[in-house]
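Undergrad: A predicted structure for the sequence below; I have some questions about it.
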Amino acid sequence: DGGITQSPKYLFRKEGQNVTLSCEQNLNHDAMYWYRQDPGQGLRLIYYSQIVNDFQKGDIAEGYSVSREKKESFPLTVTSAQKNPTAFYLCASSISRGNEQFFGPGTRLTVL
Amino acid sequence: GEDVEQSLFLSVREGDSSVINCTYTDSSSTYLYWYKQEPGAGLQLLTYIFSNMDMKQDQRLTVLLNKKDKHLSLRIADTQTGDSAIYFCAESPPREAAGNKLTFGGGTRVLVKP
């Protein structure tokens, strides 16, 4: 059963702590993406990766970091430098750049 | 830069047709997508259209593209309560462009009343 998984679904952290959000896909997709969604708004691209060991900043990369050590995995770290981290985070993947993107179920991060 | 605009809200009666509209500014867009998001969930790809097409039909969904006016619409026939969700349109640049950044609209919340 192929798909994209994100864990956990809900995450709570204290201000000043780094937190890592997981994204795994078994679709054999080359490209993976992280988006942030705020209430009543569309999606904004944080980082994307077209192949293993390579990634690029999106529109709002400040305060975030990623790694792409394996094709299946693209974890996102929300650092203490991110000024307003509370949001809904969505991971997506596509066969390659230019193809339609498929999304995971999302992780809702709340920083207290 | 690219910009994608959608109306915020649409209310429709069960059984009627829904039409969700979207405008975009990037004339080089090659693919335009419609995604559906149910509460607390990820986005589900509904359909997409290539920019050299003007219409695509898939069961209850009809996508119309007016490339001259940069206007995209999604028509849902026989709208059901399960169609209540937020609908996002998105556009992508030519595949040979660097990266594959989808630019999303702000979403249209569709409420289907029984």
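TA: Thanks, I have it.
Undergrad: quick one, what contacts residue 62?
TA: Unless you meant another one, I'm taking chain A. A:81-82 (CB atoms under 8 Å, 6 or more residues apart in numbering or on different chains). Glycine gets a C-beta too; all of them are placed from N, C-alpha and C.
Undergrad: sorry, should have said chain B
TA: B:55-56, B:74-75, B:77.
Undergrad: between these, which is closest to residue A:57?
TA: residue B:74 (31.1 Å; CB to CB).
Undergrad: and that closest one, bridged to which residues?
TA: residue B:20, residue B:63 (DSSP bridges).
Undergrad: can I assume it is in contact with residue B:89?
TA: Yes. In terms of CB atoms under 8 Å, residue B:74 counts as a neighbour of residue B:89; the distance is 7.4 Å.
Undergrad: give me the common contacts of the two.
TA: In contact with both residue B:74 and residue B:89: B:20, B:22, B:34, using CB under 8 Å, 6+ apart.
Undergrad: quick check: residue B:82 is in a strand.
TA: No. With DSSP: H, G, I helix; E, B strand; the rest coil as the criterion, residue B:82 is helix rather than part of a strand.
Undergrad: lowest-confidence helix or strand of chain B?
TA: strand B:103-104 (a mean of 88; mean pLDDT, DSSP states H and E).
Undergrad: show the contacting residues for residue 72.
TA: Defaulting to chain A. Neighbours of residue A:72 in contact, by CB under 8 Å, 6+ apart: A:24-26.
Undergrad: oops, chain B please
TA: Contacts of residue B:72 by CB under 8 Å, 6+ apart are B:21-24, B:32, B:49, B:63-66, B:89.
Undergrad: tell me the SS of residue B:48?
TA: strand.
Undergrad: centroid residue for chain A?
TA: residue A:34 (3.1 Å; CA atoms, centre = their mean).
Undergrad: wait, a strand at that one?
TA: Yes. Judged by three-state DSSP, residue A:34 forms part of a strand.
Undergrad: could I get the pLDDT score of it?
TA: pLDDT recorded at residue A:34 is 96.
Undergrad: was I right about it contacting residue A:46?
TA: Yes. Residue A:34 is in contact with residue A:46 according to CB under 8 Å; the separation is 4.4 Å.
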